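Participant: structure of the sequence below:
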Amino acid sequence: MSQEMILLVHTSGHAFSIEKALNNRKIACRLTPIPRKVSSDCGICVRFEAIHLSVVEDFIHTLPFEIQGIIESDES
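Facilitator: Residues are numbered from 1 along each chain as shown. Got it, this is the predicted structure:
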């Protein structure tokens with residue numbers, strides 16, 4: 001499996017919106033609980049494969065809200 005990225009958001013609603021939009025763009029992603037060692041306002045994150053990072057970064061610039069960040073997962 002390729003390296004996974006974790007997209008951190010402020011609310012679960014944002015996570016659900018991003019998951020739906022990425023899936024509509026044929027980018028495989030999934031909602032998971034945020035790893036314990038990672039701090040976030042919301043308990044849910046969006047995981048996706050690192051090979052899609054540039055597409056996801058372009059996509060998040062179109063969002064009407066800010067995200068907390070994107071980090072590499074060490075759980076892959």
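Participant: which helix in this structure has the most residues?
Facilitator: In the chain, taking DSSP state H as the definition, the longest helix is helix 12-24.
Participant: each with direction, which strands does the helix or strand that comes right after that one pair with?
Facilitator: Once the chain leaves helix 12-24, the next helix or strand it forms, by DSSP states H and E, is strand 29-33. Using DSSP bridges, the strands paired with strand 29-33 are strand 44-49 (antiparallel).
Participant: kindly export the partner strand (C-alpha atoms) in CSV.
Facilitator: Extracted as CSV, the C-alpha positions of strand 44-49 are listed here (Å, rounded to 0.1, in the frame of the first residue of the first chain):
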residue,chain,number,x,y,z
ILE,A,44,-12.8,12.7,12.2
CYS,A,45,-10.1,13.0,9.5
VAL,A,46,-10.1,12.2,5.8
ARG,A,47,-7.4,9.7,4.6
PHE,A,48,-6.2,9.4,1.1
GLU,A,49,-3.2,8.0,-0.8
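Participant: and the next helix or strand past it?
Facilitator: Next along the chain from strand 44-49, counting by DSSP H and E, comes helix 53-60.
Participant: wait, Ile51 sits on Ser2?
Facilitator: Yes: counting by C-beta atoms under 8 Å, Ile51 does reach Ser2; the two are 5.7 Å apart. Where C-beta positions appear, they are placed from N, C-alpha and C, glycine not excepted.
Participant: quick one on the thing from earlier: hey, C-alpha coordinates of the longest helix of the chain in CSV?
Facilitator: Output of helix 12-24 as CSV, limited to C-alpha atoms (Å, rounded to 0.1, in the frame of the first residue of the first chain):
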residue,chain,number,x,y,z
SER,A,12,-17.2,16.6,11.0
GLY,A,13,-19.4,18.4,8.5
HIS,A,14,-16.3,19.5,6.6
ALA,A,15,-14.9,16.0,6.7
PHE,A,16,-18.2,14.6,5.2
SER,A,17,-18.2,17.3,2.5
ILE,A,18,-14.6,16.7,1.5
GLU,A,19,-15.1,12.9,1.5
LYS,A,20,-18.1,13.2,-0.8
ALA,A,21,-16.4,15.7,-3.2
LEU,A,22,-13.2,13.6,-3.4
ASN,A,23,-15.2,10.4,-4.1
ASN,A,24,-17.1,12.3,-6.8
